[in-house]
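Participant: model this:
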Amino acid sequence: MLLAGCSSGGADAPKTETDGGTKVGQTEVKPDSSNTQDNAVVEKTAKSNEANTGEVITNSNNDALKDLPEFKVLADTIDLGVYHGMIETDNQGTRIILFGNEQNHKEYKSIFVKNDNRLKIIKLENDGLIYNKILK
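Facilitator: Numbers count the residues shown, from 1 in each chain. Sure thing, here's the model as predicted:
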């Protein structure tokens, strides 16, 4: 946790020693042992998410997407020759696929709501929602 506050820089402000003298109003934050437990929880969560999904579909293997009901719209909207899909989540209710380029920079995100057959496609940089319809 990081707390910050405003100060007039007076004599009561925390001081930190530096090579060239004392700087007023700056405090060095060192990790304490309580963060270790938080980090372990984050790492455990990340590993369990990888176990549930993490299926990377490369450019040459975007064919694996062809079996999905949303594939035609994805192929019409996203250049699957340039972007590869990685299934982030696929559970009873939704399937989320992230599409990235060769440098693994994520450009698109698709969200398929299975109960409603609704597909949303989001361009992550600037454009936002570019498709939001119920598939028939």
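Participant: contacts, neighbours, all on C-alpha from now
Facilitator: Noted.
Participant: give me phi/psi at residue 88?
Facilitator: Per-residue torsions, residue 88: phi -90, psi -40 (degrees, to the nearest 10).
Participant: the strands in this structure, which residues?
Facilitator: Assigned by DSSP state E, the strands in the chain fall at 15-18, 21-24, 55-57, 84-90, 94-100, 106-113, 118-123, 128-134.
Participant: With mean pLDDT, mean neighbour count and distance to residue 65 as extra columns, can I get these in TSV?
Facilitator: What follows is these, written out as TSV (pLDDT from 0 to 100; neighbours: other C-alpha atoms under 10 Å; distance: least, C-alpha to C-alpha, whole Å):
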stretch	mean pLDDT	mean neighbour count	distance to residue 65
strand 15-18	48	12	56
strand 21-24	47	12	57
strand 55-57	49	16	8
strand 84-90	91	21	8
strand 94-100	95	21	10
strand 106-113	96	20	12
strand 118-123	97	20	14
strand 128-134	96	13	18
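Participant: Redo these as JSON lines? Include distance to residue 78.
Facilitator: Listed next are those as JSON lines, based on distance: least, C-alpha to C-alpha, whole Å:
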{"stretch": "strand 15-18", "distance to residue 78": "52"}
{"stretch": "strand 21-24", "distance to residue 78": "52"}
{"stretch": "strand 55-57", "distance to residue 78": "14"}
{"stretch": "strand 84-90", "distance to residue 78": "10"}
{"stretch": "strand 94-100", "distance to residue 78": "9"}
{"stretch": "strand 106-113", "distance to residue 78": "8"}
{"stretch": "strand 118-123", "distance to residue 78": "9"}
{"stretch": "strand 128-134", "distance to residue 78": "10"}
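Participant: Alpha carbons of stretch 114-123, as CSV, please.
Facilitator: Listed next in CSV are the C-alpha coordinates belonging to stretch 114-123 (Å, rounded to 0.1, in the frame of the first residue of the first chain):
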residue,chain,number,x,y,z
LYS,A,114,-22.8,-17.8,-24.7
ASN,A,115,-26.2,-17.5,-23.1
ASP,A,116,-27.2,-14.6,-25.4
ASN,A,117,-25.0,-15.5,-28.4
ARG,A,118,-23.7,-11.9,-28.2
LEU,A,119,-20.3,-11.0,-29.6
LYS,A,120,-18.5,-7.9,-28.7
ILE,A,121,-15.2,-7.0,-30.4
ILE,A,122,-13.1,-4.2,-28.9
LYS,A,123,-10.1,-2.5,-30.5
